[in-house]
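Asks: A predicted structure for the sequence below; I have some questions about it.
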Amino acid sequence: MPNHRPYGNLMDYIIWRGDLPVRQIPWTPIDSLLLAVMSYQPFGREASTETGLSLQQLCTQGLSCPRDVPAEKQRIQMITLMASQPRFADMRVFLQESTSDTDISIQFSALSCCVPDGPVVISYRGTDHTLVGWKEDFMMSYLSPVPAQSAALTYLERIASLTDRPLVLTGHSKGGNLAAYAAARAPERIRKRIVQVCSFDGPGLDDETIESQGYTQIRPVLLSVIPNGSVVGLLMNYHPVYTVVTSTTVGLFQHDPLTWELYGAHFHEADETTRSSQLMNETVHTWLKEREPDEIRGFVEILFATLEKLYLHRGSEDLSDVQLAHMADAAAYIRTLDPEKRSMIASLLTSFFNIGKENYLQIMLQKPVENVLTELQGKLKELTIPRKTGYSASVSSEERNRS
């Protein structure tokens with residue numbers, strides 16, 4: 001619920017902006033982020049049809065919580081709050097679909113929202129907690145398109161055929177990658193109707209897509225946002241221009257958009273990503289650049305064959321069930337592989353850690369004194385500037401009534 005820091009979060013934004021309809025204040029990237037988070041929620045049969053139901057109607061019927069974890073409960077709280085606000089209550093949620101198939105290594109999910117007096121927003125879901133979902137993510141490092149990217153383009157073409165409204169594409173994590181891919185690869189007649197593409201901490205794209213005419217055409221409407229400790233959003237060929245947002249947490253936990261800080265209808269921006277984020281970015285990119293696609297494919301196949309052995313015989317495909325004891329089981333399984341595969345894994349992992357070590361030393365030697373002084377100046381500034389309390393109190397009335 002509302003916090004008492006000078007910067008807000010998505011919950012604060014809903015309350016602050018929620019009473020202003022889109023006809024009064026146009027759709028914003030923060031609105032698109034809300035729908036990117038909302039796409040993780042399974043709404044059931046009523047939202048899977050072409051007619052769908054309003055968000056308020058769906059919430060009145062009750063929202064399911066598939067996994068009893070804090071993140072999912074917080075997401076339901078967010079959606080319920082949205083449904084209570086005029087800006088979002090009458091959005092029609094329709095054609096939610098979900099596909100997961102281990103045989104073809106696909107995990108895809110998306111929904112669409114028809115915003116009163118606004119665009120039709122297509123929201124692609126990110127990776128779930130299943131093995132097939134994560135395997136498809138890893139496949140992006142050597143294959144394009146992966147099955148979910150093809151499904152994302154097909155879904156866009158279907159929605160575009162059902163409406164003549166402007167289109168907004170959004171997604172978090174893998175969903176952001178799918179939004180950017182579908183927009184870049186869409187037929188020109190559809191691409192011209194796209195007014196906004198949002199990738200929220202989503203991996204970049206393959207070389208061919210980045211260099212395509214379609215990608216060049218969508219760049220003016222493409223917004224890439226990553227937290228300052230980003231890992232996921234800097235994978236692959238990440239987008240040349242991106243916004244770095246601050247977060248209330250650290251490390252991989254920053255991947256959760258509900259921890260991102262906002263000021264009014266804007267992201268509270270950081271100057272750059274953290275050193276740990278830069279280290280991971282340089283290490284992964286260097287490692288991938290030095291590997292042949294077949295090497296990466298072989299590594300991914302062995303990695304997920306190992307995980308399947310560990311989880312499927314336990315009756316689970318949920319990676320969140322991982323425990324420390326499973327690591328010993330994984331090592332035991334790898335020892336049963338033939339010598340050639342064991343040698344390949346050892347070589348790839350050794351090269352990854354060696355690259356990481358070299359990058360760590362380089363980053364630590366990059367102007368450490370200047371960085372320390374900059375941090376001290378920032379702390380002194382915080383001490384000397386009066387800090388307002390409460391999100392709405394820190395944003396002027398003029399700011400509230402404009403986008």
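Replies: Here it is on my side, so go on. Just so it is clear, the structure is predicted and the values come from calculations on it, not from any experiment.

Asks: Surely residue 197 is within a helix?
Replies: No: using DSSP: H, G, I helix; E, B strand; the rest coil, the assignment for residue 197 is strand, not a helix.

Asks: Could you give the number of residues near residue 102?
Replies: Residues near residue 102, counting by other Cβ atoms under 10 Å, number 15. In short, each C-beta sits where N, CA and C put it, glycine included.

Asks: what do you get for residue 271?
Replies: For residue 271, using other Cβ under 10 Å, the count is 9.

Asks: What residue, apart from its backbone neighbours, is nearest it spatially?
Replies: Ranked by Cβ to Cβ, 6 or more residues apart in numbering and with sequence neighbours excluded, the top spatial neighbour of residue 271 is residue 244, at 7.3 Å.

Asks: quick one: contacts for the closest residue to residue 18 other than its chain neighbours?
Replies: Nearest residue to residue 18, sequence neighbours excluded (Cβ to Cβ, 6+ apart): residue 85, at 2.8 Å. Neighbouring residues of residue 85 by Cβ atoms under 8 Å, 6 or more residues apart in numbering: 14-15, 18-19.

Asks: And stretch 287-306, what's buried?
Replies: Neighbour-count burial for stretch 287-306, counted by 16 or more other Cβ atoms under 10 Å, picks out 287-288, 291, 296-300, 302-304, 306.

Asks: tell me the two of those residues that are most distant?
Replies: By the measure Cβ to Cβ, 288 and 306 form the most distant pair in the buried residues of stretch 287-306, at 20.4 Å.

Asks: Secondary structure class of residue 224, three-state.
Replies: Residue 224 - assigned by three-state DSSP - is strand.

Asks: er, residue 67 actually
Replies: coil.

Asks: buried ones in the helix or strand where residue 277 lies?
Replies: Per DSSP states H and E: residue 277 is located in helix 275-289. Neighbour counts using 16+ other Cβ under 10 Å place 276-288 of helix 275-289 among the buried residues.

Asks: Pick the one among those closest to residue 25.
Replies: Ranked by distance to residue 25 (Cβ to Cβ), the buried residues of helix 275-289 are led by residue 277 at 32.9 Å.

Asks: so that closest one sits right up against residue 231, yeah?
Replies: Yes: with contact defined as Cβ atoms under 8 Å, residue 277 reaches residue 231; the gap is 6.4 Å.

Asks: Where does the prediction get shaky in the stretch 1-150 of the chain?
Replies: Within the stretch 1-150 of the chain, the segments meeting pLDDT under 70 span 1-5.

Asks: mind running it again at 50?
Replies: Residues of the stretch 1-150 of the chain meeting the criterion pLDDT under 50: 1-3.

Asks: separation between residue 301 and residue 267?
Replies: 38 Å (Cβ to Cβ, to the nearest Å).

Asks: before we move on, what about residue 40?
Replies: Taking Cβ to Cβ, one finds residue 40 at 20 Å from residue 267.

Asks: what do you get for residue 275?
Replies: With Cβ to Cβ as the criterion, residue 275 and residue 267 are 21 Å apart.

Asks: Could you do residue 122 as well?
Replies: 21 Å.

Asks: Have a look at those two and say which one is more surrounded.
Replies: Legend: neighbour count by other Cβ under 10 Å for residue 122 and residue 267, higher for residue 122 (29 against 22).

Asks: follow-up on the earlier one: what do residue 277 and residue 231 both touch?
Replies: By Cβ under 8 Å, 6+ apart, no residue touches both residue 277 and residue 231.

Asks: Next, the contact list for residue 121, please.
Replies: 27, 32, 35, 112-113, 115, 167-170.

Asks: what's the neighbour count on residue 256?
Replies: Residues near residue 256, counting by other Cβ under 10 Å: 19.
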